[in-house]
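Enquirer: The sequence and its predicted three-dimensional model are supplied below.
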Amino acid sequence: MNKKVFALVVAIIIFIVSAPIIMVIVWDEEPSTDLEEDTVEKNIMEENNIEKENNTEENTTEKNTTEENVPYMPNGFSYVKGEVETGYTIVDSYGNTYVWVPVENGELTRNIDISECVEMEDIVYDFKNSVNQYKGFYIAKYESSAYSINNRNVSATMGDRTPVNNVSYELAYGTANNSCKEFNYSDVVTNLMNSYAWDSTLAWIDKSNSNYSASTNRGNYSETINPTGATETDIVNNICDLGGNLKEWTTEGYLRNNDVNQQIFRIIRGGSVNYNGPALNRGYIENKPNYDIGFRMILYKI
């Protein structure tokens, strides 16, 4: 065998012996590369999922915070001043002003000082349902006054105006409930104050104004009716004249028999220019207007 042939045979033998080793090396390297890529991709996906979960939690927290702590804003209204805890105040384009009363867990308060008292108007059920859903309602900042729209007197809640007095329950109830239509509110209604609204408002005020509900020295008891909001000592949580100026009709009432027929008594609340008393309740014949009786509205989402 010559040298060239011998060298060729040796080269072939070396190639045959070393080929499996090369293949093992190649196959060992390729799976390792794929595994590393899979691991990196998996880590990226996990990081993205964690980021998404964190974003979702942040968005949910932000949404819940907004829903729980900030009252809804009715169409056509804007924020004026105040915090939720001490008098979040809004106003419409006419100047009607309302204050948010927060109701924890949507559970309204009602104090019954006269055992026969009941809520005598069906609209109170709509009010309770709204408060249960939205955890609060708006109360008129001011006692109701007359405002002219197209030569019609409608019920308004505006400052520095003489409140309507010497008004029957029927007139107070009708004009209060109709105020939302006259001012073209689209997503809220207005009603005459009810016992739940009144007592829940007092319970909320008492938290920041100790024993206000039983006070007999905060309001206007001067025998002369003031423009609503003029008595600075009777402005609590941005609400005016709950304790004085005019007594106020509510939808609460009871029946009483006399020698001739049954009479309906409605509950009036608050002190007045002729009554130095607390903002509690007492009965009064519903069809008998009086100089020192007026009314107040509430506003809530439907």
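Expert: Yes, it's here. Source: prediction; values computed, not measured.
Enquirer: make it CA atoms for all contacts and neighbour counts henceforth
Expert: Noted.
Enquirer: Kindly indicate whether P289 is helix, strand or coil.
Expert: The three-state assignment at P289 reads coil, by DSSP: H, G, I helix; E, B strand; the rest coil.
Enquirer: so it makes contact with E170?
Expert: No: under the criterion of C-alpha atoms under 8 Å, P289 is not in contact with E170, lying 9.8 Å apart.
Enquirer: Please say which of those two ends up with more neighbours.
Expert: Summary of the neighbour comparison: P289 and E170, criterion other C-alpha atoms under 10 Å, with P289 having more neighbours (17 against 14).
Enquirer: residues contacting the more buried one?
Expert: Residues counted as contacts of P289 (C-alpha atoms under 8 Å, 6 or more residues apart in numbering) are 166-169.
Enquirer: Compute the distance between it and F127, please.
Expert: Between P289 and F127 the distance is 26 Å, computed by C-alpha to C-alpha, to the nearest Å.
Enquirer: go on, G277?
Expert: G277 is 28 Å from F127, where distance means C-alpha to C-alpha.
Enquirer: Next, the contact list for E121, please.
Expert: With contacts defined as C-alpha under 8 Å, 6+ apart, E121 is in contact with 251-252.
Enquirer: Equivalent analysis for Y284, please.
Expert: In this structure, Y284 makes contact with 265-268, judged by C-alpha under 8 Å, 6+ apart.
Enquirer: Could you do V118 as well?
Expert: With contacts defined as C-alpha under 8 Å, 6+ apart, V118 is in contact with 252-254.
Enquirer: That one and I112, how far apart?
Expert: Separation of V118 from I112 (C-alpha to C-alpha) stands at 9 Å.
Enquirer: ditto for V70
Expert: Separation of V70 from I112 (C-alpha to C-alpha): 31 Å.
Enquirer: Give me the mean pLDDT for stretch 101-115.
Expert: The average pLDDT within stretch 101-115 is 90.
Enquirer: CA atoms only for it, dumped as PDB, please.
Expert: Once side chains and other backbone atoms are set aside, the C-alpha atoms of stretch 101-115 remain, and they are given as PDB (Å, rounded to 0.1, in the frame of the first residue of the first chain):
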ATOM      1  CA  VAL A 101     -75.800  63.300  53.100                       C
ATOM      2  CA  PRO A 102     -73.700  60.100  53.200                       C
ATOM      3  CA  VAL A 103     -75.600  57.000  54.500                       C
ATOM      4  CA  GLU A 104     -73.200  54.300  55.600                       C
ATOM      5  CA  ASN A 105     -74.200  50.900  54.000                       C
ATOM      6  CA  GLY A 106     -77.300  52.600  52.700                       C
ATOM      7  CA  GLU A 107     -79.100  52.000  56.000                       C
ATOM      8  CA  LEU A 108     -81.300  55.000  56.800                       C
ATOM      9  CA  THR A 109     -82.200  56.200  60.300                       C
ATOM     10  CA  ARG A 110     -85.700  56.900  61.600                       C
ATOM     11  CA  ASN A 111     -86.600  58.000  65.100                       C
ATOM     12  CA  ILE A 112     -90.300  57.600  66.000                       C
ATOM     13  CA  ASP A 113     -91.300  59.900  68.900                       C
ATOM     14  CA  ILE A 114     -95.000  59.500  68.200                       C
ATOM     15  CA  SER A 115     -96.000  55.900  68.200                       C
END
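Enquirer: Show me which residues of that stretch are buried.
Expert: Counting neighbours by 16 or more other C-alpha atoms under 10 Å, one finds that the buried residues in stretch 101-115 are 101-103, 106, 108-109.
Enquirer: how far does it sit from the chain's center?
Expert: On the basis of C-alpha atoms, centre = their mean, to the nearest Å, the separation between the geometric centre of stretch 101-115 and that of its chain is 15 Å.
Enquirer: cool, and stretch 170-182?
Expert: For stretch 170-182, the distance to the chain centre is 22 Å (C-alpha atoms, centre = their mean).
Enquirer: tell me the average confidence for it?
Expert: Stretch 170-182 comes out with an average pLDDT of 97.
Enquirer: Not counting its own residues, what contacts that stretch?
Expert: The set of residues that contact stretch 170-182 without belonging to it, under C-alpha under 8 Å, 6+ apart, is 149, 154-156, 188-192, 249, 251, 286-287, 294-297.
Enquirer: Sounds good, over and out.
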